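Chemist: my questions concern the predicted model and sequence given below.
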Amino acid sequence: MSGRSGQGHRLGRVPGSPGGPLEHVIAAKAVAFREAAQPSFRLYASAVVANARALGEALVREGFRLVSGGTDNHLLLIDLRSFDETLTGKEAQEVLDQSGITLNRNTIPDDPRSPFVTSGLASRKRGGDDGGHGRR
């Protein structure tokens, strides 16, 4: 790439895309963009958000606190301390995993616990929407 010693390596690479263009990445993006352009995707996305809101509202009724007060998308960050001061995100995640429910332990703002234990759970609501389940 260059006659100067050591310059070819620096000039031939773009940060974040070593070895590109990567055809499989381009193809995956094309498929995702085509799917997102379909009218049915708008309905699907609306259902995901509605279901996440419904889940959040149900959790609040049961005594949990949502860190942001609610959701405008598919994400919920749940503060477990308002439900049970001793319950950790790690413990809740492990128990829910055994029940076939996937949530991730997550730190919350000003979390007194370590990132390996946490006081919160993160829900990325989506799963039930793929299985033909409607809003409950």
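Modeler: Yep, it's here. Fair warning: this is a prediction, and the values are worked out from it, not measured in the lab.
Chemist: now do the buried residues in stretch 82-96.
Modeler: The neighbour-count check on stretch 82-96 (16 or more other CB atoms under 10 Å) flags 88, 89, 90, 92, 93, 96 as buried. The way it works is simple: take the backbone N, C-alpha and C, and place the C-beta from them, glycine included.
Chemist: ok, the residues you listed vs residue 41, which is closest?
Modeler: In terms of CB to CB, no member of those lies closer to residue 41 than residue 96, at 28.7 Å.
Chemist: helix or strand for the closest one, which one?
Modeler: helix 89-98 (DSSP states H and E).
Chemist: quick one: residue 78 and residue 63 touch, right?
Modeler: No: with contact defined as CB atoms under 8 Å, residue 78 does not count as touching residue 63 (10.9 Å).
Chemist: and the helices in this structure?
Modeler: Per DSSP state H, the chain carries helices over the ranges 7-11, 23-36, 39-61, 89-98, 127-130.
Chemist: could these go into CSV alongside mean pLDDT and distance to residue 83?
Modeler: As requested, the helices of the chain are exported to CSV (pLDDT from 0 to 100; distance: least, CB to CB, whole Å):
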stretch, mean pLDDT, distance to residue 83
helix 7-11, 53, 54
helix 23-36, 94, 36
helix 39-61, 92, 9
helix 89-98, 95, 9
helix 127-130, 53, 22
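Chemist: quick one: which of those helices is nearest residue 111?
Modeler: Of all the helices of the chain, helix 89-98 comes closest under CB to CB, at 8.8 Å.
Chemist: what's the closest one packed up against?
Modeler: Where contact means 3 or more CB pairs under 8 Å, 6 or more residues apart in numbering; DSSP states H and E, helix 89-98 is packed against strand 104-106, strand 120-124.
Chemist: please name whichever of these is nearest to residue 72.
Modeler: Nearest to residue 72, of the helices and strands packed on helix 89-98 and by CB to CB, is strand 120-124 at 14.0 Å.
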